[in-house]
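In: This is a predicted model, with the sequence first.
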Amino acid sequence: MTARFLKGRFDSIAEAVGRTPLVRLRHVAPQVPGVEVYAKLEFANPGGSVKDRAALRMITDALRDGRLDRSKVLIDSTSGNTGVAYSLFGAALGLKVQLVMPSNVSQARKDITQAYGTEILYSDPLEGSDGAIRLVREVVAKDPERYFYPDQYSNPGNPGAHYEGTGPELLAQVGDRLTHFVAGLGTSGTMMGTSRYLREHAPHVRCMAVEPDQPMHGLEGLKHMASSLVPAIYDRALPHDHLGISTEDGWDMADRVVEEEGIHVGHSSGANIFAAVRIAKELAERGERGCVVAIVCDRGDRYFAPLRWEKKYAW
């Protein structure tokens with residue numbers, strides 16, 4: 001990693017976003033000459049996920065142009081990670097934050113956001129992220145002057161954060177060796193912004209979008225696009241290919257990565273890594289060289305549920 005991507009001394013927690021490390025996967029990926037697989041550890045961001053990049057960009061854009069100030073409540077729908085990021089930066093900047101989440105998101109995400117003083121509204125768990133989107137739109141429509149609604153699914157600052165951050169970082173870290181970039185589709189901001197940058201500055205790189213292979217799935221944070229409300233920022237033509245990954249493969253790979261690599265990742269990250277390993281195997285079978293980088297969105301501890309005894313234990 002080049003010196004300019006080392007973390008240093010900052011005046012604000014916001015300055016700690018980005019410059020996340022790459023770690024080579026040497027056990028879950030095939031060990032053949034000329035093929036490398038790396039995990040980009042986005043949980044190294046201060047809020048613990050890739051969503052710190054987009055949340056910070058959307059907030060700073062709105063503060064700069066006057067759409068957001070301390071008199072308004074920042075409100076958005078989220079499956080959890082963007083909500084944690086909003087809450088973190090809201091606390092740091094003195095902003096009020098309200099979130100709409102499906103009620104079945106992990107307890108850890110609920111607890112973390114509330115620790116920052118955020119208020120949560122819960123949507124129908126059976127409607128997933130789409131239900132949260134519908135509910136937040138209803139809330140804002142009733143009192144539009146009270147709220148700043150960044151709408152991460154439509155806000156150009158979401159992919160913009162990755163166009164200006166993630167893409168340049170990848171090329172600084174591995175340069176022309178990079179052959180494949182792998183990221184999952186949720187809001188789609190990571191894939192859209194990074195793909196646009198790589199297509200412009202490294203057109204030899206193939207950008208591979210990961211999504212669940214069926215509408216009903218257990219890969220929290222990812223969207224099965226054919227059956228979901230499609231984000232306005234999503235452009236299906238930007239990725240070179242779309243890879244459908246099963247819930248079982250994503251969960252199993254997450255287990256393998258923590259057991260064999262010592263990196264505790266969430267299930268959507270497990271799906272990304274599974275796809276990256278599949279690509280690497282195909283390259284190896286064809287005798288081709290390659291460098292595949294997969295986005296690790298967050299840590300696995302975001303998905304822990306409290307143990308039964310913890311619910312009643314009095315400290």
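Out: The structure has been received and is ready for your questions. Residues are numbered from 1 along each chain as shown.
In: which helices and strands sit right next to the worst-scoring helix or strand of the chain on mean pLDDT?
Out: Here the helix or strand of the chain ranked lowest by mean pLDDT, DSSP states H and E is helix 107-115, holding a mean of 88. Helix 107-115 sits against helix 81-93, strand 96-102, strand 119-123, with contacts defined as 3 or more Cβ pairs under 8 Å, 6 or more residues apart in numbering; DSSP states H and E. Every residue, glycine included, has its C-beta placed from N, CA and C.
In: shaky segments in the chain?
Out: Low-confidence segments of the chain, defined by pLDDT under 70, span residues 1-7, 305-315.
In: List the residues that contact residue 129.
Out: Residue 129 sits next to 77, 79, 102, 186, 223, 228 when contact means Cβ atoms under 8 Å, 6 or more residues apart in numbering.
In: State the distance from the third one to residue 31.
Out: Distance of residue 102 to residue 31, given as Cβ to Cβ, to the nearest Å: 40 Å.
In: what about these two, which has more around it?
Out: Using other Cβ atoms under 10 Å as the criterion, residue 102 and residue 31 rank with residue 102 on top: 22 against 11.
In: roughly how far apart are the more buried one and residue 230?
Out: For residue 102 relative to residue 230 (Cβ to Cβ), the value is 18 Å.
In: tell me the helices in the stretch 201-315 of the chain, going along the chain?
Out: 247-261, 267-285 (DSSP state H, counting those that start in this stretch).
In: now the helices: where do they sit in the stretch 51-200 of the chain?
Out: 51-65, 81-93, 107-115, 128-142, 157-164, 166-174, 189-201.
In: Would you mind giving those as JSON lines with distance to residue 38 added?
Out: As requested, the helices of the stretch 51-200 of the chain are exported to JSON lines (distance: least, Cβ to Cβ, whole Å):
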{"stretch": "helix 51-65", "distance to residue 38": "18"}
{"stretch": "helix 81-93", "distance to residue 38": "21"}
{"stretch": "helix 107-115", "distance to residue 38": "26"}
{"stretch": "helix 128-142", "distance to residue 38": "28"}
{"stretch": "helix 157-164", "distance to residue 38": "17"}
{"stretch": "helix 166-174", "distance to residue 38": "7"}
{"stretch": "helix 189-201", "distance to residue 38": "14"}
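In: So which of the helices and strands packed on helix 107-115 is the most surrounded?
Out: Across the helices and strands packed on helix 107-115, the average number of neighbours (mean count of other Cβ atoms under 10 Å) peaks for helix 81-93, which reaches a mean of 25.
In: gap between that helix and the chain center?
Out: 14 Å (Cα atoms, centre = their mean, to the nearest Å).
In: Stretch 201-212 now?
Out: Distance, centroid of stretch 201-212 to centroid of chain: 16 Å (Cα atoms, centre = their mean).
In: In it, which residues are buried?
Out: 202, 205-212 (16 or more other Cβ atoms under 10 Å).
In: what's the answer for stretch 251-259, then?
Out: Those would be 251, 253-254, 256-257, for stretch 251-259 by 16+ other Cβ under 10 Å.
In: ok, for residue 217, nearest residue in space, not its chain neighbours?
Out: Nearest residue to residue 217, sequence neighbours excluded (Cβ to Cβ, 6 or more residues apart in numbering): residue 247, at 4.9 Å.
In: Kindly report the same for residue 255.
Out: Closest to residue 255 by Cβ to Cβ, 6+ apart is residue 270, at 7.6 Å.
In: Among the buried residues of stretch 251-259, find me the one that's closest to residue 169.
Out: If you rank the buried residues of stretch 251-259 by distance to residue 169 using Cβ to Cβ, residue 257 comes first, at 21.1 Å.
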